[in-house]
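# Predicted model follows, preceded by the sequence.
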Amino acid sequence: MKITTITAIILFVACGAWAQTFTKTGIKSIRIRSSGEVIHNNQVTGYYLFYNLERTTARTNNYLLTFMDENLREINSVNIIRSSTFTILESSYNGSNFAVIGFDRAQNMMELITYDSTLKQTAVITRLIKGNNLRMAYGAAANGDETEQRFLVPVTGKGFLLYSVNESRKAHYHVEFFDSSLKSIWVDEPAEDADIEMAFEAFQDSQAIGSLIERRERNQSKNLEFDLLVNNTSTGKRMFKVPVLIENQFTIAVSDVRHDSVTNQFVAFGEYYGMNARETRDRSLGFINVVYDSNGKMVSHKETSWEDMSKVTPLDAKGKFEGSNTSILFHNTIRTSDGQIFVIGEQYKKAASASGIALSVAAIALGGGGGQTQMTQINIYNLVVFQFNPDFTINKVHTFEKEKSVMQLPSGSVNMSPKFVSNYAKAFGAFDYRFTQMSTDNSTFIINYVDYDRKNEDGKAFVVGSIVYTPEKTFVTDKFTITRKTTSFNIMKAKPGYLLVTEYFRKEKKIESRLEKVNY
């Protein structure tokens, strides 16, 4: 078995003292998407954090990439100094190398940098960004919009995927695979006469790379269609690109794709719609599971309608919770070793904004207009877990109560469907679900989320909650409160049984990270 330098360091340090906490000062800012876990054998064995340090000069930004072991002992750091118009967008780790993507807004230039396991720079490439769509996407990320869209995706032990846009060709997707030294290995793009097509990460492994392709006739179209694109990891040869639908019956909005390396089949899971429905506006009909062979031929599919589920759950035939009129937005799908399928979501409801209406009335009374006032909000409620049997029949729906969260929506949202605004809110991090941690043998898992404690003496405090699916196949919960006045905080996956909590204090220009044990 090959042991990388970084893994050897981790194994050595793990035998020493346990730090369990980490503090760094002189931090100007920190971004959620620039932190991550070092994964070895599907378990967290370390962490990396990217900070924006105090400027050394008025014309430069000073960044620091720090690597720590699983117990928060600092192993190594490297400085990146660039122009003040340059911003780090993301950082990523593929098991042996780090990669960083940045954007210089003054030069409209993208920069991609890689480092080896000792944080020695190994390669760098730059590219001019010519089109508006990609420039706006990079600019939004540079401004701190924590969207779910990822540009840089690691492929364990192989290299990195770059999801981009070729805007010389009607805003078509551009999927490019680099090895760890940033040699471009392959590129996949649509045909010249294709509709507007955008690519998003679906899955990666040593054999295949899957991408979901969102197709639309024009930018503002609400009628979306999806393709599943699968490439050979090493060569980029297109294994298949197929529409994800049941011909003449249903279209499908895919939320999860898995590659079964034993059977070499591809399993897509999501919500299904009538052929004339608009996915960004209309309600789904239920869940669907679709299996494809290695050539993209559909092997089987199974639908579970809301009406089917309403017979054993507190849902009506339209997928709403009885008595609350709330809908569900789904975040993640996981499968345990015994074949059970768990779909994790949150209840939400589009509602009128009382504060927005009051401000609008006040503005009109003073002789102004209220047209730009935020009149609509989205209310986010409890976490919900749908449990399916291995044959995809519904087993049970589990509900876990938490405080209501609210996101004010931009002007014009009053005319948008609840489904559309829920996806908008999810893209900007408004929902409380964060991530799921699986055990080594995939028999158990922990769902992690954030919440509020409005009974706190200071009026409101953040709560970090964990929902644990135990070896006894039952759910238990645990939570703790973030009591200090932090500017921002983030939670990440950690070594088994723990969460990593990082708090940022802007006034003190300091971050503090610590490991919190999940009790169950």
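Yep, that arrived. Residues are numbered from 1 along each chain as shown.
# how about residue 486, what does it touch?
Residues in contact with residue 486, defined by CB atoms under 8 Å, 6 or more residues apart in numbering, are 503, 504, 505. In short, each C-beta sits where N, CA and C put it, glycine included.
# try residue 465
400, 402, 448, 449, 450, 451, 477, 478, 479 are the contacts of residue 465 under CB under 8 Å, 6+ apart.
# Looks to me like it is in a strand.
Yes: Residue 465: assigned to a strand according to DSSP: H, G, I helix; E, B strand; the rest coil.
# how close does it get to residue 450?
Separation of residue 465 from residue 450 (CB to CB, to the nearest Å) stands at 7 Å.
# can you list the residues that contact the helix or strand that contains residue 102?
Taking DSSP states H and E as the definition, residue 102 sits inside strand 98-104. For strand 98-104, contacts defined as CB under 8 Å, 6+ apart pick out 48, 50, 65, 67, 80, 82-83, 85-93, 109-115, 119, 129, 138-139, 141-142, 151-152, 154, 160, 162, 180, 182.
# following it, which helix or strand comes up?
The helix or strand immediately downstream of strand 98-104 is strand 109-115, counting by DSSP H and E.
# now that following strand: mean pLDDT?
For strand 109-115, mean pLDDT rounds to 94.
# which of the residues in it are buried?
Within strand 109-115, the residues scored as buried using 16 or more other CB atoms under 10 Å are 109, 110, 111, 112, 113, 114, 115.
# Go through the contacts of residue 465 and flag which are in helices.
Using DSSP state H, the subset of the contacts of residue 465 located in helices is empty.
# Out of the residues you listed, name the ones that lie in strands.
The strands, defined by DSSP state E, take in 400, 448, 449, 450, 451, 477, 478, 479 from these.
# Just send the buried residues of strand 109-115 back as TSV, with distance to residue 289 too.
TSV is the format used below for the buried residues of strand 109-115 (distance: CB to CB, whole Å):
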residue	distance to residue 289
109	44
110	38
111	41
112	37
113	40
114	38
115	40
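# for those residues, which one is nearest residue 264?
residue 114 (30.9 Å; CB to CB).
# residues in contact with the closest one?
97, 98, 99, 100, 121, 122, 123, 124, 160, 180, 181, 182.
# Check the burial of residue 276 by counting its neighbours.
8 (other CB atoms under 10 Å).
# quick one: it is in a strand?
No: counting by three-state DSSP, residue 276 is not found in a strand; it is coil.
# Local confidence estimate at it?
At residue 276, pLDDT is 80.
# Show the contacting residues for it.
The contact partners of residue 276, taken as CB under 8 Å, 6+ apart, number zero.
# Give me the distance between it and residue 344.
Taken as CB to CB, the span from residue 276 to residue 344 is 29 Å.
# Ok, residue 24 next?
For residue 24 relative to residue 344 (CB to CB), the value is 33 Å.
# Show the residue spans covered by the helices in the stretch 301-450 of the chain.
Ranges of helices within the stretch 301-450 of the chain are 306-310, 354-365, 418-427, based on DSSP state H, counting those that start in this stretch.
# rank those helices by pLDDT, which is bottom?
Looking at the helices of the stretch 301-450 of the chain, the lowest mean pLDDT belongs to helix 354-365 (a mean of 45).
# Quick one, grab the pLDDT at the nearest residue to residue 514 once chain neighbours are set aside.
With sequence-adjacent residues excluded and distances taken as CB to CB, 6 or more residues apart in numbering, residue 514 is closest to residue 21, at 4.7 Å. Reported pLDDT at residue 21 in the predicted model: 86.
# circling back: among the contacts of strand 98-104, name the buried ones.
Judged by 16+ other CB under 10 Å, buried ones among the contacts of strand 98-104: 48, 50, 65, 67, 80, 82, 86-93, 109-115, 119, 129, 138-139, 141-142, 151-152, 154, 160, 162, 180, 182.
# Just those residues: which are in strands?
48, 50, 65, 67, 80, 82, 86-93, 109-115, 152, 154, 160, 162.
# which residues does residue 381 contact?
324, 326, 346, 347, 348, 349, 402, 404.
# rerun that using 10 Å as the cut-off
Contact analysis of residue 381 by CB atoms under 10 Å, 6 or more residues apart in numbering lists 321, 324, 326, 328, 346-349, 399, 401-405, 432.
# Out of these, which one has the weakest pLDDT?
residue 324 (66).
# where does the stretch 251-400 of the chain dip in pLDDT?
279-280, 322-324, 354-374 (pLDDT under 70).
# try it again with 50
Where the stretch 251-400 of the chain drops to pLDDT under 50, the residues are 356-367, 369-373.
# one step back: closest one to residue 75 out of the contacts of residue 114, please.
Among the contacts of residue 114, and counting by CB to CB, the member closest to residue 75 is residue 98, at 12.2 Å.
# Relative to residue 469, how far out is the closest one?
For residue 98, the distance to residue 469 equals 32 Å [CB to CB].
# in what helix or strand does residue 503 lie?
Applying DSSP H and E, one finds residue 503 within strand 498-505.
# before we move on, back to that, and the residue nearest to residue 514, what does it touch?
For residue 21, counting by CB under 10 Å, 6+ apart, the contacting residues are 71, 72, 512, 513, 514, 515.
# how about those residues, which pair is most distant?
Greatest spatial distance in the contacts of residue 21: 71 and 512, 15.2 Å, computed using CB to CB.
# and the two? which has more neighbours close in?
Higher neighbour count among residue 71 and residue 512: residue 71, with 21 against 18, using other CB under 10 Å.
# That one contacts residue 513, doesn't it?
No: using CB atoms under 10 Å, residue 71 makes no contact with residue 513, being 11.1 Å away.
# Please enumerate the shared neighbours of those two.
In contact with both residue 71 and residue 513: 19, 20, 21, 22, 47, 494, using CB under 10 Å, 6+ apart.
# Spatially nearest residue to the last one (excluding sequence neighbours)?
Which is residue 494. Using CB to CB, 6+ apart, the closest residue to residue 494 is residue 500 (4.2 Å).
# Is that neighbour bridged to anything, and to what?
When assigned by DSSP bridges, residue 500 has beta-bridge partners residue 492, residue 515.
# which residues in the stretch 101-250 of the chain form strands?
For the stretch 101-250 of the chain, the strands defined by DSSP state E, counting those that start in this stretch cover 109-115, 121-128, 152-155, 159-166, 172-179, 184-188, 196-204, 208-216, 225-232, 238-243, 245-246, 250-260.
# looking at those, which is closest to residue 301?
Comparing the strands of the stretch 101-250 of the chain under CB to CB, the one sitting nearest is strand 245-246, at 6.1 Å.
# hang on, the earlier thing: out of the contacts of residue 465, who's the most crowded?
Result: residue 449 is most packed of the contacts of residue 465 (other CB under 10 Å), 23 neighbours.
# Just to check, it is in contact with residue 432?
Yes: Residue 449 is within contact range of residue 432, at 4.7 Å (criterion: CB under 10 Å).
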